[in-house]
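**Q** Pasting a predicted model and its sequence here:
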Amino acid sequence: MHTKKNIAIIMGGFSSEYEISLKSGNVVYETLDNTKYNAYRIHIFKDKWVYVDDNNDEFPVNKDNFSVQVAHRVITFDCVFNAIHGSPGEDGFMQGYFDLLNMPHTSCGMYQAALTFNKRDCLSVLKPYNIKTAESFYLNLGDPINEDAIINKVGLPCFVKANKAGSSFGVSKVHKKEDLQKAIDVAFKEDDEIIIEAFLDGTEVSVGVITYKRETKVLPITEIVSENDFFDYEAKYLGKSQEITPARLSKEQEDKVTILAKKVYEILKMKGFSRTEYIFKDGEPHLLEMNTIPGLTKESILPQQAAAAGISLVELFDNAINEALK
């Protein structure tokens, strides 16, 4: 009989997305096979790191070695399941911490997390590999804003986005010049760096790529059809979009984006989960951004894609832990 592994599921975080992270973390907690694992819910917030038991009692985490004391028993962990969307789980901080402690975790490496969380830097790294992206314009807080220069480069309509916020916070679609400044202000509320991108008019798809049984596996592709003007926070989480898996793509489009998604994952030396957004323009997939801690709730895109590939949530999460422990 194997001894059960202790798994810490980290959830919460510092960003506007913490509620979605708590949902994802609880799905992992409810799904993990309890004949194999003892799962523990660990809430990570700016002011506290705590283990939360089934009675919602909280026990502080010892940050020296990421252990928890309950009564007279010290609990240590074999592996960490990372379910924190946004900072500090998706931007490299937790990865760096666990790497220093030599503790296996289900997410990508520290550098990969930091790089992909920064949309501008990630796109810049991929450019030399001939990965197509939207035309873009970068702004930092305090830069002079020349609206004509921006519009000359990216055209209208365009998207104004916070560079480092996850989950579509701080994103606006701008149709006319007089709305540009307001959109810039909204994005600066979320981040001190902004990326302004040309609007690509075409089919938007979300592509999950994971390491599954030691291989890079591209999951069935999801098409995003938003009822709103674009796939914003409301569309993502409040049901204002249709997600169609498998996407309605031609065989050629499907092959192109599958090959590209695998290539991007491997160029970036990714591990674990990833979900990347692409838009087809003139038949060619253009990369928008990559998420390394995608939503893991039943409604989330990546679990839907896994299901379409015949991978249950139990298998998906079990595989993530197995890969981390290897």
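**A** Yep, it's here.

**Q** from here on, contacts and neighbour counts on C-alpha atoms
**A** Noted.

**Q** for the chain, what spans make up the helices?
**A** Counting by DSSP state H, the chain has helices at residues 18-31, 93-100, 110-117, 119-126, 147-154, 180-190, 233-237, 251-267, 301-308, 313-325.

**Q** Now the weakest link among those helices, please, by mean pLDDT.
**A** When the helices of the chain are ranked by mean pLDDT, helix 233-237 comes last with a mean of 51.

**Q** Just the endpoints, please. Distance across stretch 269-289?
**A** 16 Å (C-alpha to C-alpha, to the nearest Å).

**Q** list the buried ones in that stretch?
**A** 270-281, 284-289 (16 or more other C-alpha atoms under 10 Å).

**Q** do the same with stretch 206-221
**A** Neighbour count says stretch 206-221 has 206-212, 216-221 buried, by 16+ other C-alpha under 10 Å.

**Q** and those residues as JSON lines, adding distance to N102 and pLDDT?
**A** JSON lines is the format used below for the buried residues of stretch 206-221 (distance: C-alpha to C-alpha, whole Å; pLDDT from 0 to 100):
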{"residue": "S206", "distance to N102": "33", "pLDDT": "97"}
{"residue": "V207", "distance to N102": "31", "pLDDT": "98"}
{"residue": "G208", "distance to N102": "27", "pLDDT": "98"}
{"residue": "V209", "distance to N102": "25", "pLDDT": "98"}
{"residue": "I210", "distance to N102": "22", "pLDDT": "98"}
{"residue": "T211", "distance to N102": "21", "pLDDT": "97"}
{"residue": "Y212", "distance to N102": "22", "pLDDT": "97"}
{"residue": "T216", "distance to N102": "24", "pLDDT": "97"}
{"residue": "K217", "distance to N102": "26", "pLDDT": "98"}
{"residue": "V218", "distance to N102": "29", "pLDDT": "98"}
{"residue": "L219", "distance to N102": "30", "pLDDT": "98"}
{"residue": "P220", "distance to N102": "34", "pLDDT": "98"}
{"residue": "I221", "distance to N102": "35", "pLDDT": "98"}
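
**Q** quick one: which two of the residues you listed are the most distant?
**A** S206 and Y212 (18.2 Å; C-alpha to C-alpha).

**Q** Specify which member of the buried residues of stretch 206-221 is nearest to N319.
**A** Y212 (6.5 Å).

**Q** Tell me who's in contact with that closest one.
**A** 319-320, 323 (C-alpha atoms under 8 Å, 6 or more residues apart in numbering).

**Q** Among the residues you listed, find me the one that's closest to L302.
**A** A320 (13.1 Å).

**Q** Out of the buried residues of stretch 206-221, which comes closest to E178?
**A** The closest of those, once distances to E178 are taken by C-alpha to C-alpha, is S206, at 31.4 Å.

**Q** how about the nearest residue to the closest one, chain neighbours excluded?
**A** Once flanking residues are discounted, S206 sits nearest to E277: 4.5 Å by C-alpha to C-alpha, 6 or more residues apart in numbering.

**Q** Hmm, that neighbour is touching T292, no?
**A** No: between E277 and T292 there is no contact under C-alpha atoms under 8 Å: 11.7 Å.

**Q** Switch the contacts of Y212 over to a markdown table; also include distance to T35 and neighbour count.
**A** Below are the contacts of Y212 laid out as a markdown table (distance: C-alpha to C-alpha, whole Å; neighbours: other C-alpha atoms under 10 Å):
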| residue | distance to T35 | neighbour count |
| --- | --- | --- |
| N319 | 15 | 20 |
| A320 | 17 | 22 |
| E323 | 19 | 19 |
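
**Q** Serialize these to CSV and add fields for distance to S15.
**A** As requested, the contacts of Y212 are exported to CSV (distance: C-alpha to C-alpha, whole Å):
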residue, distance to S15
N319, 27
A320, 24
E323, 27
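
**Q** Count residues in the vicinity of the residue lying closest to D33 once chain neighbours are set aside, would you?
**A** Nearest non-adjacent residue to D33, counting by C-alpha to C-alpha, 6+ apart: V314, 6.8 Å away. By the criterion of other C-alpha atoms under 10 Å, V314 has 13 neighbours.

**Q** Please apply the same query to D148.
**A** With other C-alpha under 10 Å as criterion, D148 counts 10.

**Q** Let me know the distance separating it from H43.
**A** 46 Å.

**Q** Kindly report the same for A198.
**A** 38 Å.

**Q** cool, K23 as well?
**A** 12 Å.

**Q** which residues does the residue nearest to S206 bridge with?
**A** S206, E289 (DSSP bridges).

**Q** For the residue nearest to the spatial centre of the chain, list the residues it contacts.
**A** Taking C-alpha atoms, centre = their mean, the centroid of the chain lies closest to N291, which sits 2.8 Å from it. Contact analysis of N291 by C-alpha under 8 Å, 6+ apart lists 90, 116-117, 274-276.

**Q** what about T3, neighbour count?
**A** 9.

**Q** Sorry, slip of the keys, the one I care about is C79.
**A** For C79, using other C-alpha under 10 Å, the count is 21.

**Q** I am finished for the moment; much appreciated.
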